[in-house]
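Participant: Below: sequence and its predicted model.
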Amino acid sequence: DTGVSQNPRHKITKRGQNVTFRCDPISEHNRLYWYRQTLGQGPEFLTYFQNEAQLEKSRLLSDRFSAERPKGSFSTLEIQRTEQGDSAMYLCASSGSREGPLYGYTFGSGTRLTVV
Amino acid sequence: GENVEQHPSTLSVQEGDSAVIKCTYSDSASNYFPWYKQELGKGPQLIIDIRSNVGEKKDQRIAVTLNKTAKHFSLHITETQPEDSAVYFCAAHHGSSNTGKLIFGQGTTLQVKP
């Protein structure tokens, strides 16, 4: 397993456009998370999936944001009508092992979004 | 709300010296505490984690200690090397949540001078 994979690595978009990011978690992990990180800050939680069920959404996740995890494997995060304030690194993480549901909590390399 | 405080914000050490980063958390129900190393332009890399029923864990040059009573935990890096230079984040599981949500500290920029 090569870890958590995110695509694309970088995305530049014009304000008002829609963007979609993809995350492929570690195969044996059943938990998947999305976080957002702005410059100089720690990651902030956005949403969480257990298998295909989305079980929590942060207040940071406005109506313009939607996340899916069909079949409990990869996940997508879509941002509609992007705004300049959406510019950030979007991180995906997965967890869950024999030692417990939180163990091996691993992040991907992220998708850097720039809205111009 | 739940909070994790991390200190110091920057740390500069000579190669070979030890580095210590400290964090405190507010949620007494937190039971999982990972540490991450983040290099420029990359995602956070898990370097060590500890659960609440363990007081200390060590992996080669890296160790983490946890004091549940005081609600603080620390990262210790011994024999530091220039490649240890990065931003380090502590995190605590949001214990009242069943979702695995992590609350992160503000980060510590570690510089190891050769």
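Facilitator: Alright, I've got the coordinates.
Participant: where do the strands sit along chain B?
Facilitator: Using DSSP state E, the strands of chain B run over B:4-7, B:10-14, B:19-25, B:32-38, B:45-51, B:56-59, B:62-67, B:72-77, B:86-93, B:102-104, B:108-113.
Participant: what helices or strands is the first one leaning on?
Facilitator: In this structure, strand B:4-7 makes packing contacts with strand B:19-25, strand B:86-93, judged by 3 or more C-beta pairs under 8 Å, 6 or more residues apart in numbering or on different chains; DSSP states H and E. Where you see a C-beta, it was placed from the backbone N, CA and C, and this is true even at glycine.
Participant: Could you tell me which residues of chain A lie near chain B?
Facilitator: A:4, A:6, A:31, A:33, A:40-45, A:48, A:50, A:55-56, A:89, A:91, A:95, A:100-110, A:112 (C-beta under 8 Å from any C-beta of the partner chain).
Participant: Any idea how far apart the tips of stretch A:56-75 sit?
Facilitator: Using C-alpha to C-alpha, to the nearest Å, the end-to-end distance of stretch A:56-75 comes out at 15 Å.
Participant: Equivalent analysis for stretch A:93-104, please.
Facilitator: Using C-alpha to C-alpha, the two ends of stretch A:93-104 sit 10 Å apart.
Participant: Excluding its own residues, what touches it? List them.
Facilitator: Identification of contacts with stretch A:93-104 by C-beta atoms under 8 Å, 6 or more residues apart in numbering or on different chains yields A:4, A:25-26, A:28-35, A:105-108, B:32, B:46, B:49, B:51, B:93, B:100.
Participant: one more time with 7 Å
Facilitator: Contacts to stretch A:93-104, defined as C-beta atoms under 7 Å, 6 or more residues apart in numbering or on different chains, come from residues A:4, A:25-26, A:28-33, A:35, A:105-107, B:32, B:93, B:100.
Participant: any weak-confidence spans in chain B?
Facilitator: Regions of chain B meeting the criterion pLDDT under 70 cover residues B:1, B:95-98.
Participant: The strands of chain B: which one's closest to A:Arg64?
Facilitator: strand B:102-104 (23.7 Å; C-beta to C-beta).
Participant: Once you drop chain neighbours, what's closest to residue 44?
Facilitator: In the absence of a named chain, this looks at chain A. A:Arg36 (5.3 Å; C-beta to C-beta, 6 or more residues apart in numbering or on different chains).
Participant: Wait, chain B was what I had in mind.
Facilitator: B:Tyr36 (3.6 Å).
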